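Q: Turn this into a structure:
(chains A and B)
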Amino acid sequence: MSGSARSSFRLPRIPAVPLAVLVGVVLGALLVLVSGGDPVAAYREILIGALAPANWPNTLNWAVPLVGMTLVAAIPLRGGMVNLGGDGQLVVGGLVAALVPLYLPGPGPLLTIVAIIAAMIAAGLYASIAAWGETRFGIPMLISSLLLSYPAIGVASYIVGFPLRDTTTGLAQTVMIPDAARLPTISGPLNVGLILMMIVAIAVVFYDRRTVGGYELRMRGLNAKFAGYGGVSLGPQTVRIMFASGAIAGLVGAIIVLGSQYRFQDGALLSPGYTWSGLMAALLAGGEPLGATGAGLFFAALQTGGFAMQRETAIPRVLTMVLQAIIILFLAIRHGVGRRAS
Amino acid sequence: MATVELEAIGIVKRYGPLVANDHIDLSVLRGEVHAVMGENGAGKSTLMSILYGMQPPDEGSIILRGAEMHYRSALDAIGAGMGMVHQAFKLFNSLSVWENVVYGMEPTRAGLIDRKKAAADVAALAARYRLLVDPNAIVGKLSVGVRQRVEILKALYRDARVLILDEPTAVLTPQERDGLFDVIRNLTADDRTILFVTHKLHEVMAITDRVTVLRDGRVVERMVTKETSAREIIRAMTGRAVNLKVEKGPSQPGAVVLAARGLTVGADGGKPVVDHVDLDVRAGEIVGIAGVAGNGQTELIEALTGLRIPDSGTVTLRGKPVTALDVERHRDAGLAYIPEDRATTGTALPASAADNLAMGFQRHAPLSRSGLLDGKAITAHARDLIARFGVKIGSEKLPVKTLSGGNLQKIVVARELSHTAPLLIAEQPTRGVDVGAIEFIHGQLVAERDKGRAVLLVSAELTEIMALADRILVMFDGRILAEVPAAEATEETLGLLMAGRVAEAA
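A: A predicted model of the protein is given here:
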């Protein structure tokens, strides 16, 4: 604001996000150079691996859970709240989605639908516990949502490790879900989960821009005291928003289990780190759902490209995670990502 | 007296397209009390922050005792003998008075703070200017008036020759204000110079020697206080004559709209902040709550509006018990509320004017239908209110953080008055608002009363309470000390009651 009158020289104004990406790419290239690799080859492989038409299905398949977990983080963030419990909610959803078709009778497609709905409700309720703890007892959701992940992960691990274990394999996992209850595939690795996630993303953007609830959530994010004073009951809103956020995490878990893994395997939902990539993407866009979806897609492309780079060159795919982190850090330095309006 | 102490020549400060200071010349004589007056957004704060080194001017120069100054920060200005008491005190509440005063330039002995010397120095300084303060008292336990003395001591300890007082009386009782004026006289007797920034005309008339009036970033008038009048100064500030008296007929109180019985807040931590308050507000009357800020008014209003659930007692709104209900339910029962702090409570600063004006209307037609917002209706609603209340804003899509204090307050007032709720609670509705906007807001409050609304007005500004209220309740230390009919109220009795001195007021 206080631009000095004397300084006539100014750097050309590059919008924050492209600039951060540029800085990340340059620093990443230096990193590759220092470790004796060829940065041009590395970036070429990332680009081809992510964006060559033949690889689109892979990128999209990776994007479905990542964008899903981005929305999980973005929805509460829009209202100035943080849900760090994506991992736990993902596991609750995944486990429920596996157990419904395995242990309930009924025709396959119906079981799929019931499994998805049950997974969403279970994960949504699980996320609501943190909201309830904050509104009822004042336990900060930032902490409780994260801590609640551990019992969920632990209990799920026990269930598939002991009572409901597939004893024909050596791993802690359930038996395979019957073919009839799996999500129909579209082509290659892509399944109906892609369409479900597109619907969810559109619905979230619509909610944010065109509904009363979206308005109230945005106002809360800009000034929670103002929203409360204006007649928005913050407690019930917290519970509703966390339920929605958790339900989407549950959907992500269900899509992975019913659409690609066909069973619940201990740790398999968490090892790709969707929750944390999603959280970063949501932070990148300040919780604005359309921007967050874009950032989620970008990270998905980056990570998919990373796999290709690791296959084709000697450079480990950790580089793409480093890029991701640099971009976020740089944005945080320049523009205070996630800083509350004062 | 005739030596020039501080001079600002051709000060220009721009913020983007806005010219906050437009070639301002200011000349302050040694040992005088010089008032800088102007409406909000006239450029007073900008000018003071430049004189105090907090920001550099784009053009122009500052001459202090004949030497041109180039401040890099406020530290340079302090080193050159400038001092400033900000409106919001900058003190460590958990430390003692002397620790606050010497902070940053502690007398040391062998590398350790020489506590004895520090306390003695502060005591001597306080005695010299008759600033009654106990150097060993903990600042957080002192009253606001005493804290202000600590701020003044801080500046004097750094040997400030020129002291800027920014709205110094906003938080004081009339008696504390008179104490401050005594201190100011002691300071000028010692040839120190005071720059007095204020909105309050009678104080300017009472204590200052000369007045510089700013309007729209320019100096419009320089006056010698003795040779001018309050009316003249207002005319200079606003460019027109303002009616300070509020035209209103007698009230016609109807049914009780808001009733509180035995309302108590904060009893858990020992002494309650709000202590068994009973009050009624009827339709068609304005009830004023007078009191020095910090005597429980904020908490009382929070309890009445649902922002805070009282520890005991009851609140009924139009006969409906609402004690333990949240703001949403209070608003449904018929509450409109202009909060004390427009920037932290009354608005979302980064949000657009349209979004800010829609709050509270978003759930009903025409702004929404079955949960879906109607963007056109929201725009129309915002444009209508902006026009009706004369908010100066380029477009309803602009964020309200770009607005001046008075215009931001108009956003809040416009929104709350357009709720046709039977109860209106107005908390400090004109704090930090310029004279033109005060007149407008006062007129609106009386108009609402005459339409049969019940109005509860909380203000630290006695003139405001006395001009508007039909009945005045004085709040002190969490309790309602007295009820005074407006006709019988004088500034003196109210002032004594506000200081808790019931016997003397009677």
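Q: Put the alpha carbons of stretch B:389-399 into PDB.
A: What follows is stretch B:389-399, C-alpha atoms only, in PDB (Å, rounded to 0.1, in the frame of the first residue of the first chain):
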ATOM      1  CA  PHE B 389     -27.600   6.200   3.900                       C
ATOM      2  CA  GLY B 390     -25.200   8.100   1.700                       C
ATOM      3  CA  VAL B 391     -22.300   5.700   2.100                       C
ATOM      4  CA  LYS B 392     -19.400   7.000   0.000                       C
ATOM      5  CA  ILE B 393     -18.200   3.900  -1.900                       C
ATOM      6  CA  GLY B 394     -17.500   3.400  -5.600                       C
ATOM      7  CA  SER B 395     -19.300   0.200  -6.000                       C
ATOM      8  CA  GLU B 396     -21.100  -2.300  -3.800                       C
ATOM      9  CA  LYS B 397     -18.600  -4.900  -5.000                       C
ATOM     10  CA  LEU B 398     -15.700  -3.200  -3.300                       C
ATOM     11  CA  PRO B 399     -14.400  -4.600   0.000                       C
END
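Q: wait, does it contact chain A?
A: No: counting by CB under 8 Å from any CB of the partner chain, no contacts exist between stretch B:389-399 and chain A, the nearest distance being 9.3 Å. C-beta here means a position set from N, CA and C on the backbone, and glycine is covered the same way.
Q: Show me the contact partners of that stretch.
A: Outside of stretch B:389-399, the residues that reach it under the criterion CB atoms under 8 Å, 6 or more residues apart in numbering or on different chains are B:349-354, B:357, B:379, B:382-383, B:385-386, B:400, B:402-404, B:407, B:410-411, B:413-414, B:440.
Q: Name all residues that make contact with B:Trp98.
A: Contacts for B:Trp98 (CB under 8 Å, 6+ apart) come out as B:115, B:118-119, B:121-123, B:135-136.
Q: Check the residues you listed for burial and list the buried ones.
A: In those, burial by neighbour count holds for B:115, B:118-119, B:121-123, B:135, counting by 16 or more other CB atoms under 10 Å in any protein chain shown.
Q: thinking again about what came up before, the contacts of stretch B:389-399, buried ones only, as a PyMOL selection?
A: Buried members of these can be picked out in PyMOL with the line below, counting by 16+ other CB under 10 Å:
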select buried, chain B and resi 349+351+352+353+354+357+379+382+385+386+400+403+404+407+410+411+413+414+440
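Q: Restricted to strands, list the contacts of stretch B:389-399.
A: Among those, none falls in strands (DSSP state E).
Q: The contacts of B:Trp98 into CSV, with extra columns for pLDDT and distance to B:Lys226?
A: As requested, the contacts of B:Trp98 are arranged in CSV below (pLDDT from 0 to 100; distance: CB to CB, whole Å):
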residue, pLDDT, distance to B:Lys226
B:Arg115, 89, 47
B:Ala118, 91, 42
B:Ala119, 91, 42
B:Asp121, 91, 38
B:Val122, 92, 36
B:Ala123, 92, 37
B:Pro135, 90, 38
B:Asn136, 91, 42
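Q: Using a markdown table, please lay out the residues you listed together with distance to A:Pro289 and secondary structure.
A: Shown next, in a markdown table, are these (distance: CB to CB, whole Å; DSSP: H, G, I helix; E, B strand; the rest coil):
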| residue | distance to A:Pro289 | secondary structure |
| --- | --- | --- |
| B:Arg115 | 58 | helix |
| B:Ala118 | 57 | helix |
| B:Ala119 | 59 | helix |
| B:Asp121 | 60 | helix |
| B:Val122 | 57 | helix |
| B:Ala123 | 61 | helix |
| B:Pro135 | 57 | coil |
| B:Asn136 | 57 | coil |
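Q: I'd like those laid out as a markdown table, including distance to chain A.
A: As requested, these are arranged in a markdown table below (distance: CB to the nearest CB, whole Å):
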| residue | distance to chain A |
| --- | --- |
| B:Arg115 | 37 |
| B:Ala118 | 35 |
| B:Ala119 | 37 |
| B:Asp121 | 37 |
| B:Val122 | 34 |
| B:Ala123 | 39 |
| B:Pro135 | 35 |
| B:Asn136 | 35 |
